[in-house]
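just need the structure, nothing else, for what follows:
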Amino acid sequence: MRAERTGLFVVTCALIAIGIVMIYSASAIYAYEIYQDSFYFLKRHLMYLGIGFLAMMATLAFPYTRLRRFAKPLLATAILLLVLVLVSPFGRSSGGASRWFRVGAISFQPSEAAKIIFFIYLADLLSRKKNELSDFVHGFLPPLLVLGFIVFLILLQPDLGTALTFAVVTLFMLFLAGIRLRYLIITLTSFLPAFLFLILTKPYRWRRIIAFLDPWGDPQGAGFQIIQSWLALGSGGLSGVGLGQSKQKLFYLPACHTDFIFSIIGEELGLWGTLMVLFLFVLFSWYAFQILRKVQDRFGRLLGFGIASVMTFEALVNIGVTCGAIPTKGLPLPFVSYGGSALVFNLVGVGLLLNISRYGMESSSVFCSNLLEAGENYFVPKGLRFQIWRKRG
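The predicted model follows:
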């Protein structure tokens, strides 16, 4: 799997490089206007990037299978952080949301850490209960209850986009693990009324739905952001207006260096630039799933599918929002958007995928070697024995 591992790392670095260039291009004027430093967001992004690479290297330092013994303590820590961020003076509020801890110049969003931790716990749980997954009470209900509690805490922040990401990817992992399809259908059916309740009880969410259906109905209000995004994408044409020449970043398009950076890519680099970014994300997903297709360790395969699915889902949602294909959600474009915790833990996720590709086959080979050396190879058919010997060689 060395070729896939190398490809995944190279594609990640390419996306990060595009992000560095576009973050400076999209944020320089805004940063100078607000902070009198055009490099303000770029410097902070590079700081988080350095932290993320160190975290990724640390993730590669030991076999991922050791994480299983810490799955429950890590989950308890993640839940504690999700509770504390809601409590003053621990959590920092901004724009009516309480999602961050701040330590000096560094902000930390616990929901980003909770994604990785929850999928470690879920992969461990589904691996341990692989013979009980057909049972509703012992196989399906425990992960569903944990998911429900974490989603509830995230909705209190409030952060519907992250909560939906948890729910969608978790159900996908349960399906891959072998949970009965009817359990998933019942869960999705019962979730729809709750989802409608969440939309209707928050006026700003309902306004986003209305703006998605008819943005020109309120062009200076709820529809303003998506209209400006369309103008950016449309004015770029095939080859773009030129790097650094965007007009929409001149205080027209809000969050242009975070959630709507794809629009600035379309304006400055044109259709070819957006297709290049899309192609890189397709390559990222392809390399990740090629790695996981070859992994024989159940825990590693499920964990990897969770991590790769989160990044793929977030990329699809972000690009869909900027194009107006889905209602506005505050999810950054992985590796490309300006961000702190999201960038750090996405790099941790890449580190885990590389770790799984490195040790996933090795663990199964070691198991087979131990089985043969124990003198129990007479239970193994000759054809399979030859395949095991060939892998050992």
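
gap between residue 155 and residue 199?
Noted for residue 155: a distance of 12 Å to residue 199, by C-beta to C-beta, to the nearest Å. Yep, even glycine has a C-beta here, placed from its N, CA and C like the rest.

so which strand or helix has residue 184?
Using DSSP states H and E, residue 184 sits in helix 181-200.

same question for residue 318.
Counting by DSSP H and E, the element that carries residue 318 is helix 298-323.

what mean pLDDT does that helix have?
Mean pLDDT, computed over helix 298-323, is 93.

tell me the buried residues in it?
298-315, 317-319, 321-323 (16 or more other C-beta atoms under 10 Å).

the lengthiest strand in the chain pairs with which strands?
Longest strand in the chain by number of residues (criterion: DSSP state E): strand 97-103. Strands that pair with strand 97-103, judged by DSSP bridges, come out as strand 92-94 (antiparallel), strand 106-108 (antiparallel).

what comes up buried for the last one?
Right, the one you point to is strand 106-108. For strand 106-108, the neighbour count (16+ other C-beta under 10 Å) marks 107, 108 as buried.

which residue is the nearest non-sequential neighbour of residue 142?
With sequence-adjacent residues excluded and distances taken as C-beta to C-beta, 6 or more residues apart in numbering, residue 142 is closest to residue 125, at 6.6 Å.

point me to the helix or strand that includes that neighbour.
Using DSSP H and E, residue 125 maps to helix 110-128.

what segments of the stretch 251-393 of the chain are helices?
With helices called from DSSP state H, counting those that start in this stretch, the stretch 251-393 of the chain shows them at 261-294, 298-323, 341-373, 382-392.

tell me the most buried of those helices?
Most buried of the helices of the stretch 251-393 of the chain, by mean neighbour count (mean count of other C-beta atoms under 10 Å): helix 298-323, with a mean of 23.

any stretches of the stretch 101-250 of the chain with poor pLDDT?
Applying pLDDT under 70 to the stretch 101-250 of the chain flags residues 104-105.

re earlier: what packs against the helix holding residue 125?
helix 71-84, strand 97-103, helix 141-155, helix 160-177, helix 298-323, helix 341-373 (3 or more C-beta pairs under 8 Å, 6 or more residues apart in numbering; DSSP states H and E).

the same query, at a cut-off of 7 Å, please.
Packing partners of helix 110-128 (3 or more C-beta pairs under 7 Å, 6 or more residues apart in numbering; DSSP states H and E): helix 71-84, helix 141-155, helix 160-177, helix 298-323, helix 341-373.

need the ones you listed in CSV (columns: distance to residue 243).
Output for those, formatted as CSV (distance: least, C-beta to C-beta, whole Å):
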stretch, distance to residue 243
helix 71-84, 39
helix 141-155, 37
helix 160-177, 29
helix 298-323, 18
helix 341-373, 22
